[in-house]
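Chemist: what's the 3D shape of this:
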Amino acid sequence: MTDRASNDSPTVPDEWRRRQEMQALAYHFLGRCFYEAPRAEWLAAFAGDRLFEAWPFPSCDARTAAGVAQLAEFCEHWDPAQLGALTWDFNRLFVGPGEMLAAPWESVYRSKTKLTFQEPTLQVRELYERFGMRAPAIHREPDDHLGLELAFVATLSDLAAQAAAAGDCAQLARCFEAQKDFLRGHLLAWSPACLELVDKHAQTGYYRGAALLALGSLAESARLCGAGPAG
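Modeler: All right, here's what the predicted structure looks like:
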């Protein structure tokens, strides 16, 4: 990622700037979805709020509509008794025991060793720190987790929205370049493969829907900042 902001930075595209608050909401949700084991109170909260009747970050990508539909159906039929099945699905996909069906770390997909804590881990750690974000379990858990990388896009979106409100053109341009470089250099380079595994192996509509929604959202984010297509 480059850090090219200055007082004479080029104008940030208007559509990208207008959609930062909506993008932040979407990626905060998606980041938590893949990073944390499901919690009954959180699931009940967004099911009760009917979030997926008015998804804040729409796109023309068919996967966004398909993911929203699956998650809307999940919310309509949410029952706390489903928590056990969701937790089992989360563990078999991302935790174990045994082989994970959709390992959630960038290094596994992009390093020659297919192990965690490789070069991508250190790269994203440095990028997080540059924008005031820190992995919750640094040095004990890889920083290049799918949920954390999605949350980083949310952080950049929050910072961009704040910069736009303050009229800080240099910071706004810095956030624009950071999002484009991070999507192109990290998330788009590996997360579609991971999310496609989630869609393939998930046994619940919740995780299938979240995977499709993430794929569609990444494609839209890539379009907005010119980072190239996702998946």
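
Chemist: how about the helix or strand containing Met22: buried residues?
Modeler: Element membership of Met22 [criterion: DSSP states H and E] is helix 20-35. Neighbour-count burial for helix 20-35, with 16 or more other Cβ atoms under 10 Å as criterion, is recorded at 20-21, 23-35. (Glycine included, C-beta is placed from N, CA and C.)

Chemist: cool, and stretch 219-231?
Modeler: Across stretch 219-231, burial judged by 16+ other Cβ under 10 Å covers Ala219, Glu220, Ser221, Ala222, Arg223, Leu224, Cys225, Ala227, Ala230, Gly231.

Chemist: Which members of those occur in helices, if any?
Modeler: Among these, DSSP state H puts Ala219, Glu220, Ser221, Ala222, Arg223, Leu224, Cys225 in helices.

Chemist: any idea what sits nearest the last one, other than its immediate chain neighbours?
Modeler: By the measure of Cβ to Cβ, 6 or more residues apart in numbering, the closest residue to Cys225 outside its immediate chain neighbours is Lys180, 4.2 Å from it.

Chemist: That neighbour: what secondary structure?
Modeler: Secondary structure for Lys180, judged by DSSP: H, G, I helix; E, B strand; the rest coil, is helix.

Chemist: Likewise for the one 10 residues further on?
Modeler: With three-state DSSP as the basis, Trp190 sits in helix.

Chemist: if I pick it, what's in contact with it?
Modeler: Glu106, Tyr109, Arg110 (Cβ atoms under 8 Å, 6 or more residues apart in numbering).

Chemist: Determine whether the claim that Ser217 is in a helix is correct.
Modeler: Yes. The assignment for Ser217 (three-state DSSP) places it in a helix.

Chemist: quick one on the thing from earlier: most surrounded residue in the contacts of Trp190?
Modeler: Among the contacts of Trp190, Glu106 has the most neighbours (other Cβ atoms under 10 Å), with 28 neighbours.

Chemist: the helices in the protein, which residues?
Modeler: 14-18, 20-35, 40-48, 62-76, 83-94, 106-110, 119-130, 146-166, 169-182, 188-201, 205-225.

Chemist: Need these in JSON lines (columns: mean pLDDT).
Modeler: Formatted as JSON lines, the helices of the chain follow (pLDDT from 0 to 100):
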{"stretch": "helix 14-18", "mean pLDDT": "96"}
{"stretch": "helix 20-35", "mean pLDDT": "97"}
{"stretch": "helix 40-48", "mean pLDDT": "90"}
{"stretch": "helix 62-76", "mean pLDDT": "95"}
{"stretch": "helix 83-94", "mean pLDDT": "97"}
{"stretch": "helix 106-110", "mean pLDDT": "95"}
{"stretch": "helix 119-130", "mean pLDDT": "93"}
{"stretch": "helix 146-166", "mean pLDDT": "98"}
{"stretch": "helix 169-182", "mean pLDDT": "96"}
{"stretch": "helix 188-201", "mean pLDDT": "98"}
{"stretch": "helix 205-225", "mean pLDDT": "97"}
